[in-house]
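> From the sequence below, what's the structure:
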Amino acid sequence: MITVRSRLLLAAILASLLPFFVAPALRAATAAAEADSPYAKAVAVTPLLKTRTDGAGQPIVYPADGPAEVSAVLVEIAPGRQTNWHRHPVPCFGYMLEGEVRVELAGGETRTFRAGEAFAEVVNVLHNGTNPGPGPARLVMFVAGTAGRPYAEKAPAPAAATPAAP
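Numbering: from 1, shown residues only. Down below sits the predicted model:
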């Protein structure tokens, strides 16, 4: 008959042997991941977003109507303020630095993005962003557009939607 004391002793022995079996496997997995990385060991790479669709689920299509132009802009929205209704004719991607932004789509659907989150903007879909928080909302927006073309277009608010700010 195995006593409680015997079980505890066996568990302690197995626990002490665990590093001898787990550590080599962990080192091998880490070495394989580092071998595949194009960066030095001291560089940490954390995936934030990988998608083939925009925020509305539509496939991402890069514009082909002129020379490609990639830009990054810092967007800051004061507490209680909004972007006003607009659409993006090209793929845009955001990363929230601070605060939160609630995005209302023309159909009434809403999504909220908070600090530390990455997202794909909706393309050719009317939407309005609002900062519902007590502090500023700050995000970096990356745009994959066409040289000389705007990445955002103003639009009137759809019926039954949040009215535009003055």
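> what pairs with the spatially most central residue of the chain across the strands?
The C-alpha lying nearest the average C-alpha coordinate of the chain belongs to A118 (C-alpha atoms, centre = their mean; 1.3 Å). For A118, the beta-bridge partners are Y95 (DSSP bridges).
> my guess is it contacts K50, does it?
No - contact between A118 and K50 fails when scored by C-beta atoms under 8 Å: they sit 9.3 Å apart. For glycine as for every other residue, the C-beta is placed from the backbone atoms N, C-alpha and C.
> Could I get the contacting residues of the residue nearest to the centre of the chain?
Residues near A118 by C-beta atoms under 8 Å, 6 or more residues apart in numbering: L48, L49, F93, G94, Y95, M96.
> Could you do G80 as well?
G80 neighbours (C-beta under 8 Å, 6+ apart): T130, N131, P132.
> same check, this time on D65
Neighbouring residues of D65 by C-beta under 8 Å, 6+ apart: T146, R149.
> which residues sit against the helix or strand harbouring G129?
Element membership for G129 (DSSP states H and E) is strand 127-130. Strand 127-130 has contacts (C-beta under 8 Å, 6+ apart) with 77, 80-87, 101-106, 157, 161-162, 164.
> Mind giving me the packing neighbours of the very next helix or strand once past it?
Sequence-wise, the next helix or strand downstream of strand 127-130 (DSSP H and E) is strand 137-146. On a contact count with 3 or more C-beta pairs under 8 Å, 6 or more residues apart in numbering; DSSP states H and E, strand 137-146 meets strand 68-77, strand 92-98, strand 100-105.
> from the chain's centre, how far out does strand 137-146 sit?
From the chain centre to the centre of strand 137-146 is a distance of 12 Å (C-alpha atoms, centre = their mean, to the nearest Å).
> Understood, closing this out.
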